[in-house]
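>>> everything below, folded, please.
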Amino acid sequence: MSTGLTTFYQFWAYICPIAGAYIADTYWGRYKTICWSVAVAMLGHIIMIISSIPGIIGSRASLGVFILSLIVTSTGTGGFKSNVSPLVAEQYQITKCYIATTSSGERVIVDPAMTTTRIYMYFYLFINIGALIGQIGMVYAEKYVGYWLAYTLPTAVFCISPLVLWYGRNRYRRSPPQGSVLPAALHIWRYAQRGRWSWNPYKTIKNLTSDDFWESAKPSKQVGEKPRWMTFDDQWVDEVRRGFKACGVFVWFPLYWLCYNQLNNNLVSQAATMTTNGLPNDVLSNLDPLALIIFIPICDLVIYPALARAGIRFTSLKKIAWGFGTAAASMVWAAVVQYYIYKTDPCGHYAATCVDANQNPLVSPLNVWIQSGSYLLIAFSEIFASITGLEYAFTKAPTNMRSLVMSAFLFTSAVSAAIGEAFVSLSLDPLLVWNYAISAILAGVGGLLFWIIVRKLDKEEDKLNNLANGHFVEELGLNPL
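Residues are numbered from 1 along each chain as shown. Okay, here's the model as predicted:
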């Protein structure tokens, strides 16, 4: 049940960003949407505490209240997930490269894309500082006091969020909502498809992916009177094209998340079947945020600059492809560990339910720290794929659709959670080796196919980052139709 509830929570938390993004881009703006989402999430936290109060926990009602808390919390979480990182990144207003002179007199080119990369890396680092402190502290709070304390402490810390938002209300740079731009973007996409469909599937695919696909939807290419809905300029069509290209990149991410999702489910259960020497089995998963806290600055200050000095362009799409590869490697590691657990456990292939005559658990003699490789590899995959995915969603979206494109990226995690439900039957003995192996194969093959398909797009990276700003109906002062 725990795996099922975790998967459902993840699914719902990554579906809701679509609604949060639409509300932000169309009606409220990011700041107001974040404020209301925090309020909803706070309510969910309070309901969760109620479900764990002594006298209620363990009763039939407790599970129902807990599930309700998951739904409410994930709704609030989803509301601000698609808006928080764009709000942070858009505080940096420079969008084009420029030449600056350092204190030593050296003239250098300042690339805003690299600055945005750094913003997202440290945004992710601070998320994991909170995750590390919270997860370790809450594990011991639950073990030595109870679930009610494990839920109350993070709720108390979460109460700081409204105060921070209130303090920054007049300090944040905010992008105002610009009306419903999604219908116009879809209009462009449909309009560009005219005359490109054929009974021959190969010809259809070739036509829909041709270099001039979006040209016919540009206002300057229209002969005679333009359609009434075409209240934007050519540059905005280029931005929409870039946003759709980004969404095409995100299509592959569910295969990556299948590996990442093992982190808080099956790998924790795997640890319970190994020799822990008194260490709670869910503490070891904190190697992931710990590794991220250590290696994010190393990548930012050492690895990425060294690659640049060597003339190696480690572009966003290359990072994502490497992220798929390291995620697959982490699952290979987990599959090998699981194989040896089955080989050394007293109950063989039924390690999770192995007990002695007195119902005391019997575990494999393998030390739980053997799992470390999986967590370290997953951490590197997050640096390459997850952080870069957030950055890619922000930098490639039209400026008035940033939350929506971000929600498209986050939605891939919901798709992965839905696919993961099909793997629940593999998450039990004696099939766990297959569970990890299939995840590794899907991520590895998927990453290879991903790179083959996006190689051409990768060559456009600098061009896409330096597009001219487009103008939509709200900026032109026209009435939307």
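
>>> so Lys143 is in contact with Pro280, correct?
Yes - with contact defined as CB atoms under 8 Å, Lys143 and Pro280 form a contacting pair (6.0 Å). Yep, even glycine has a C-beta here, placed from its N, CA and C like the rest.

>>> those two: who's more crowded?
Shown here are Lys143 and Pro280; by other CB atoms under 10 Å, Pro280 has more neighbours (15 against 12).

>>> name the SS class of the more buried one, please.
coil (DSSP: H, G, I helix; E, B strand; the rest coil).

>>> hang on, it packs against Val139?
Yes - the pair Pro280 / Val139 is scored as a contact, 5.1 Å apart, by CB under 8 Å.

>>> where do the strands of this protein begin and end?
Applying DSSP state E to the chain gives strands spanning 98-101, 107-110.

>>> mind putting the ones you listed into a markdown table with mean neighbour count and distance to Ala13?
Compiled in a markdown table, the strands of the chain are given as follows (neighbours: other CB atoms under 10 Å; distance: least, CB to CB, whole Å):
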| stretch | mean neighbour count | distance to Ala13 |
| --- | --- | --- |
| strand 98-101 | 9 | 39 |
| strand 107-110 | 10 | 36 |
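
>>> quick one: closest of the ones you listed to Gly311.
strand 107-110 (15.4 Å; CB to CB).

>>> now the closest one: how far from the chain's centre is it?
Mean C-alpha position of strand 107-110 versus that of the full chain (CA atoms, centre = their mean, to the nearest Å) differs by 32 Å.

>>> so what secondary structure elements neighbour that strand?
strand 98-101 (3 or more CB pairs under 8 Å, 6 or more residues apart in numbering; DSSP states H and E).

>>> so what touches the strand it packs on?
107-110 (CB atoms under 8 Å, 6 or more residues apart in numbering).

>>> out of those residues, flag the one nearest to Gly20.
Closest to Gly20 out of the contacts of strand 98-101 is Val110 (32.7 Å), distances taken as CB to CB.

>>> surely that closest one meets Thr95?
No - when contacts are counted by CB under 8 Å, Val110 is not listed as touching Thr95 (11.6 Å).

>>> buried residues, stretch 347-358. List them.
347, 351-352, 354 (16 or more other CB atoms under 10 Å).

>>> now do the end-to-end distance for that stretch.
The first and final residues of stretch 347-358 sit 15 Å from each other (CA to CA, to the nearest Å).

>>> what is the mean pLDDT for that stretch?
Stretch 347-358 comes out with an average pLDDT of 88.

>>> residues in contact with it: which ones?
269, 272-273, 341-342, 345-346, 361-364, 428-430.

>>> just the buried subset of those, please.
Buried, going by 16+ other CB under 10 Å: 269, 273, 341-342, 345, 363-364, 429, out of those.

>>> reformat these as a markdown table; add distance to Ile383.
Formatted as a markdown table, the buried ones among the contacts of stretch 347-358 follow (distance: CB to CB, whole Å):
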| residue | distance to Ile383 |
| --- | --- |
| Ser269 | 26 |
| Thr273 | 29 |
| Ile341 | 28 |
| Tyr342 | 32 |
| Asp345 | 34 |
| Val363 | 32 |
| Ser364 | 31 |
| Asp429 | 33 |
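
>>> tell me how many other residues crowd the closest residue to Leu279 other than its chain neighbours.
Once flanking residues are discounted, Leu279 sits nearest to Val368: 6.5 Å by CB to CB, 6 or more residues apart in numbering. Val368 has 21 neighbouring residues, counting by other CB under 10 Å.

>>> ok, now Ala321?
22.

>>> and what of the one 5 residues further on?
Burial of Thr326 is recorded as 22 neighbouring residues (other CB under 10 Å).

>>> also Thr155?
Counted with other CB under 10 Å, Thr155 comes out at 15.

>>> send the alpha carbons of stretch 40-58 over as PDB?
Extracted C-alpha coordinates of stretch 40-58, given in PDB (Å, rounded to 0.1, in the frame of the first residue of the first chain):
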ATOM      1  CA  VAL A  40      -3.800  25.000   0.400                       C
ATOM      2  CA  ALA A  41      -0.600  23.000   1.100                       C
ATOM      3  CA  MET A  42      -0.700  24.300   4.700                       C
ATOM      4  CA  LEU A  43      -4.200  23.000   5.200                       C
ATOM      5  CA  GLY A  44      -3.000  19.600   3.900                       C
ATOM      6  CA  HIS A  45      -0.200  19.600   6.500                       C
ATOM      7  CA  ILE A  46      -2.700  20.200   9.300                       C
ATOM      8  CA  ILE A  47      -4.900  17.400   8.100                       C
ATOM      9  CA  MET A  48      -1.900  15.100   8.000                       C
ATOM     10  CA  ILE A  49      -1.100  15.900  11.700                       C
ATOM     11  CA  ILE A  50      -4.700  15.200  12.700                       C
ATOM     12  CA  SER A  51      -4.400  11.700  11.000                       C
ATOM     13  CA  SER A  52      -1.400  10.900  13.200                       C
ATOM     14  CA  ILE A  53      -2.600  12.100  16.600                       C
ATOM     15  CA  PRO A  54      -2.500   9.300  19.300                       C
ATOM     16  CA  GLY A  55      -5.900   7.900  19.600                       C
ATOM     17  CA  ILE A  56      -6.700   8.500  15.900                       C
ATOM     18  CA  ILE A  57      -3.700   6.800  14.300                       C
ATOM     19  CA  GLY A  58      -4.200   3.100  13.800                       C
END
